[in-house]
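Asker: Mind looking at a prediction? Sequence and model below.
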Amino acid sequence: MATPQSLLKRIRSHAEKGLSFNGNTSDEAKLKACREFYKKETESVKNLHREGGPGREVVRSLTAIVDSMIQALSKTAFEEFKARSNEESQLPISVVAIGGYGRSELCPLSDVDLMFLYPSKTNASTLKSAQEFIVQRILYVLWDLGLKVGHSSRTVDDAFAEARKDIQTKTALLESRLIYGSRTLFAGFESSYNLFYRKEDPKAYIRQRLVDQRERRSRNGDSVFVQEPDIKSGVGGLRDYHNTLWMAKVRLNVTNVEGLGEQNYLRKSELLEFKTAYDFLLRVRNELHFRSKRPTDLLSLETQPKVAYRLGYRERNLLARVELFMRDYYRHGANIHRLSKTVENRLSLNSEADTGINPLRSMKSFLNARRKERVKREDGFILRGREISFENKEVFQEDPVRLLRVFRIAQKHELELDFELSSVIRDSLNLIDDNVRCSDRANSSFLAILQESGKVYKILSLMHEHRVLGKFVPEWDRLTCLVQHEYYHRYTADEHTLHTIREFDYAYTHSDPIYERYRKEISELRFPNLLYLILFLHDIGKGKSIKGHAEIGLEIAEPILERMGIAEEQRVIIRFVIKNHLQMASFWQRHDIDDPDTARVFADQMKTSENLRLLFIHTFCDARGTAKGLWNQYKDSLHATLFNGAMASLKADGKIEESYKLHKESVRQAILKVGIEGIPDEEISAHFDKLPDRYFLITEPKEIMLHIEMINRLFRELKRAESVESLAPVINLKEDSKEHLLVINVVTWDRPGLFHKLAGALNVAGYSILRVKAASRNDNIAIDTFLVVENHTKMRTEGDATMIFEECVKDALIRGTDLHPVLHSIINRVTTNILHKIENPLAEAFPTHVSAYNDQDLERIILEVHTSDSLGLLYAISKCVFEQGFTIVFARINTEREMALDTFYLEPIGSERTPDEDELNALKDKVLGVIATERQPAENEATTSTQ
């Protein structure tokens, strides 16, 4: 392997030979020479990278390649300009690299930012002539090479004026570097600029940079541990490192990262961590760029396995490879984030305390000034202003339990940790041994932290950042940087856990209306803050295995609860919630929760209202802490519906059947009292006699009245129709503003295959179905209610969706048109036009799963389908179900990140028998076959259209 030093020498040597231009060299010859040089030398640098070359050396080598070309082009351009110009037009010019290129850190697809610098007192016409000639001769070749070159032409005065107006320009010029041209001009600019940025309100610059850091981190999820991190702009990314150096240069006049050590802002060990982490991220970015055609800094799920492999993670199992690679990424990212924040805090405090007498004052003098402030003392710690520090550096040696106590004191008094205290904590982690873990005082401090309603997340995050949390609960430490290969998880397991705790904090403190119902239920709990401990432990089993982690978590949690001294009464509750923490969301995703019988089954599983409330709140916090946007009003509504139904069942105390009949009669009398215009009471009452009790429990009175009106209209239309078969269905569409959905009610004569024909018509019209309720009167009238949203792929052809749907319904139900070919032609058109293709790089971890079974508790035939989502999937499945002799009476359709999780309640057509296992297995096999067939044409079409 070529060493970085030998490669740099070789690049310069090849440049001298291959890029030796003169006035007679044509533009075409220059371009050809540069292209050959750039391709050959970049390949050499790529080999250095692939052989494990340090990230810094790779970017320096890439910088040297571009430097060499610009120097060669500039030389001939300057000579030509001089030959063309008269003596008065001669002027010094400097070609200056700025920004990332200025600091000699060009990644393979980085921007090349140039500034052409001219003296301030330059004649306008001379300046314009020079700009046009010089810039044209240099930039056109670079652009033709495919480099993304940004450029500016400025006099020295212009540069200062721009820096005063724009912080980005001010920052870019901090990293100016001469490539070619007048050394005298550049040296004068550099010297003046160094004085400028140190005197031009450096404190304001620090404030602006801190705001930029905060806003950028917020845009990127405020976490290092996201599933698809942005290497450059993400939290713990390269920009955290860059911002730290920019602030340090302005505030401390340090020219490199080593200066932070010299000024006592970072210790030797911290400095090494900072530099090592930065180099790792550069290597990752270099690999990402080498394998990409377009600039990208997103480490996506798709690219992670490939990048990991190229960086030396050669595990044959893809998931294991990604997990090891991403753990290293998160570890280094966390180090950059932590250390950049450490320096930011120190610079910020220094800036606040500095009166301007000595702008280069050291941290030591600043600390001496801080010690003179008025203080309080508690258990070996000093409480000063908004910070907590120590009385002496042996504070933890004297009593290791203080490693827990310090965080409890900080929480209680709402204090930040002094940066020296932070360092001492990290140096003292070895003191947390089994004696501390089993100490009553240590556990008392930890549990006290969990009792501070609304103030737990921040302090636990701080403990985790200092690695105290994992040392105190080593079983939990296995979650640290653990990649979760689940398509809906955005964060690592440790970060997800902390985010769930943050959501519980918000339930106490946040004004957002979505938290109100949970705050109300918290007030009803006997042990409300026990949920903090439950959330902390709920995913602890993932440290051993994602699959079955709830059961595994029970075993792991038991000794933790023992040494923390948790009472048996509370342990029973904790065990229940950990074991069942996935159950509530799974239940409302799969079942007809409007059905009181379904709610009763769930209530029986919960056993007590305390369990139900805890699981209700836990599920909300768990989902909200999983990924931004995973929880929405629709899901919140389903969640609340199941909770309310189950709570009502628990309170009914076995008199549920009687309450059903009383409710039905109450609704009947209420509607008869107000009446429905144009419809006799006998017809209204008949509606109640022709439908089961369940319909009236799951249907609002207004909706019941709508259905009666629609059925009345159907009967009136029947009088004018030639036959029942020619009778058009009655359709009603209305907006549900609460759930942001469209509700479509269809009333028609019941007939075989009704569901899949309506589903096909909705698909053709461009709607995605979320939920279906079906009811049949004993006079053969079907009432189907669809909750839909507009399909994001815009499947429908031009025209009004409602009109298209109504026409398709008539085609399918009256004219007997098979919608399958129509639907497939639309799917193929959409696929071709937008190259629609489901890209799930971890798809092998989520294979298609279909199950069909008799649920004894619910007394239902259930079909469950988990597969990659595709256009027209629901229509294909429902058509298959019909062809196998079943009708769908309920459907719950869930789609999460291109994965379909669908549940159907079935009934045999024309029979009340219960199908046997062989029939259900046959149904399952048919559905699997349909899914495979449906997916294949779309995949083939997408493949063809991208070749």
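Answerer: Thanks, I have it. Keep in mind it's a predicted model, so treat the numbers as computed, not measured. Numbering: from 1, shown residues only.
Asker: Could you list the low-pLDDT ranges of the stretch 251-400 of the chain?
Answerer: The model of the stretch 251-400 of the chain has pLDDT under 70 over residues 349-374.
Asker: Strands of that one, residue ranges please.
Answerer: Under the criterion DSSP state E, counting those that start in this stretch, the stretch 251-400 of the chain contains strands at 376-378, 381-384, 387-390.
Asker: Return the list of strands paired to the shortest one, each annotated with direction.
Answerer: According to DSSP bridges, the neighbouring strands of strand 376-378, each with its direction, are strand 381-384 (antiparallel).
Asker: Tabulate the strands of the stretch 251-400 of the chain in a markdown table, adding columns for distance to residue 600.
Answerer: For every residue, glycine as well, the C-beta is placed using N, CA and C. Converted to a markdown table, the strands of the stretch 251-400 of the chain look like this (distance: least, C-beta to C-beta, whole Å):
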| stretch | distance to residue 600 |
| --- | --- |
| strand 376-378 | 54 |
| strand 381-384 | 55 |
| strand 387-390 | 53 |
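Asker: Output those as TSV; include the columns mean neighbour count and distance to residue 684.
Answerer: Formatted as TSV, these follow (neighbours: other C-beta atoms under 10 Å; distance: least, C-beta to C-beta, whole Å):
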stretch	mean neighbour count	distance to residue 684
strand 376-378	11	73
strand 381-384	20	73
strand 387-390	20	71
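Asker: wait, which of those is closest to residue 872?
Answerer: With distances scored as C-beta to C-beta, the stretch of those nearest to residue 872 is strand 387-390 (61.2 Å).
Asker: elements contacting that closest one?
Answerer: Applying 3 or more C-beta pairs under 8 Å, 6 or more residues apart in numbering; DSSP states H and E, one finds that strand 387-390 contacts strand 381-384, helix 402-413, strand 416-417, helix 419-427.
Asker: most packed of the ones you listed?
Answerer: helix 402-413 (a mean of 22; mean count of other C-beta atoms under 10 Å).
Asker: The stretch 701-850 of the chain: strands as residue ranges?
Answerer: So, for the stretch 701-850 of the chain - with DSSP E, counting those that start in this stretch - the strands run 730-736, 741-749, 767-776, 781-790, 849-855.
Asker: quick one: which of the ones you listed is nearest residue 261?
Answerer: Within those, the stretch nearest residue 261 is strand 849-855; the backing value is 54.9 Å (C-beta to C-beta).
Asker: Tell me the first helix or strand C-terminal of that closest one.
Answerer: Sequence-wise, the next helix or strand downstream of strand 849-855 (DSSP states H and E) is strand 860-868.
Asker: and the angle from that following strand to strand 849-855?
Answerer: Here strand 860-868 points in a direction 170 degrees away from that of strand 849-855 (axes from the mean of the first three to the mean of the last three C-alpha atoms, to 10 degrees).
Asker: So which elements touch the following helix or strand past strand 860-868?
Answerer: Using DSSP H and E, the helix or strand that follows strand 860-868 in sequence is helix 873-883. Contact partners of helix 873-883 among helices and strands, from 3+ C-beta pairs under 8 Å, 6+ apart: helix 754-765, helix 819-834, strand 860-868, strand 886-896, strand 899-908, helix 917-946.
Asker: Could the C-alpha coordinates of helix 873-883 be exported in PDB?
Answerer: What follows is helix 873-883, C-alpha atoms only, in PDB (Å, rounded to 0.1, in the frame of the first residue of the first chain):
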ATOM      1  CA  LEU A 873     -52.600  -5.400  -3.200                       C
ATOM      2  CA  LEU A 874     -55.900  -5.200  -1.200                       C
ATOM      3  CA  TYR A 875     -57.900  -5.800  -4.300                       C
ATOM      4  CA  ALA A 876     -55.900  -8.900  -5.200                       C
ATOM      5  CA  ILE A 877     -56.200 -10.300  -1.700                       C
ATOM      6  CA  SER A 878     -59.900  -9.700  -1.400                       C
ATOM      7  CA  LYS A 879     -60.600 -11.200  -4.800                       C
ATOM      8  CA  CYS A 880     -58.700 -14.300  -3.800                       C
ATOM      9  CA  VAL A 881     -60.600 -14.500  -0.500                       C
ATOM     10  CA  PHE A 882     -63.900 -14.400  -2.500                       C
ATOM     11  CA  GLU A 883     -62.700 -17.000  -4.900                       C
END
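Asker: Tell me the buried residues in that helix?
Answerer: Neighbour counts over helix 873-883 (16 or more other C-beta atoms under 10 Å) mark 873-882 as buried.
Asker: contacting residues around it?
Answerer: With contacts defined as C-beta atoms under 8 Å, 6 or more residues apart in numbering, helix 873-883 is touched by 752-753, 755-756, 759-760, 763, 769, 819-820, 823, 863, 865, 867, 887-888, 891, 893, 900, 902, 904, 906, 909, 923, 926-927, 930-931, 933-934.
Asker: Weed out the non-buried ones from those.
Answerer: Buried subset of those (neighbour count, 16+ other C-beta under 10 Å): 753, 755-756, 759-760, 763, 769, 819, 823, 863, 865, 867, 887-888, 891, 893, 900, 902, 904, 906, 923, 926-927, 930-931, 934.
Asker: hmm, back to that, weakest of the strands of the stretch 701-850 of the chain in terms of mean pLDDT?
Answerer: Confidence, taken as mean pLDDT, is least for strand 767-776 of the strands of the stretch 701-850 of the chain (a mean of 83).
Asker: can you give me the angle that one makes with helix 873-883?
Answerer: Computed with the same axes, to 10 degrees, the direction of strand 767-776 lies at 30 degrees from that of helix 873-883.
Asker: Find the least confident helix or strand in the protein, judged by mean pLDDT.
Answerer: Least confident element among the helices and strands of the chain, by mean pLDDT, DSSP states H and E: helix 363-371 (a mean of 55).
Asker: between the strands of the stretch 251-400 of the chain, which gets nearest to residue 81?
Answerer: strand 387-390 (59.4 Å).
Asker: Contacts for that closest one, please.
Answerer: 380-382, 406, 409-410, 413, 415-418, 420-421, 424.
Asker: before we move on, what about stretch 239-247?
Answerer: 171, 174, 205-206, 209-210, 212-213, 216, 232-233, 254, 256-257, 260, 274, 277-278, 281, 336-337, 339-340, 343-344, 347.
Asker: what does stretch 312-329 give?
Answerer: For stretch 312-329, contacts defined as C-beta under 8 Å, 6+ apart pick out 52, 229, 280-281, 284, 299, 304-305, 307-309, 311, 481-483, 485, 492, 842, 844-845.
Asker: where exactly do the helices run in the stretch 1-150 of the chain?
Answerer: 4-18, 27-50, 55-84, 99-102, 124-144 (DSSP state H, counting those that start in this stretch).
Asker: Please identify the deepest-packed of those helices.
Answerer: Mean neighbour count (mean count of other C-beta under 10 Å) peaks for helix 99-102 among those, with a mean of 23.
Asker: Check which helices and strands that one sits against.
Answerer: Partner elements for helix 99-102 (3+ C-beta pairs under 8 Å, 6+ apart): strand 112-118.
Asker: and the strand it packs on, what does it pack onto?
Answerer: strand 94-97, helix 99-102, helix 124-144, strand 149-155, helix 156-165, helix 183-199.
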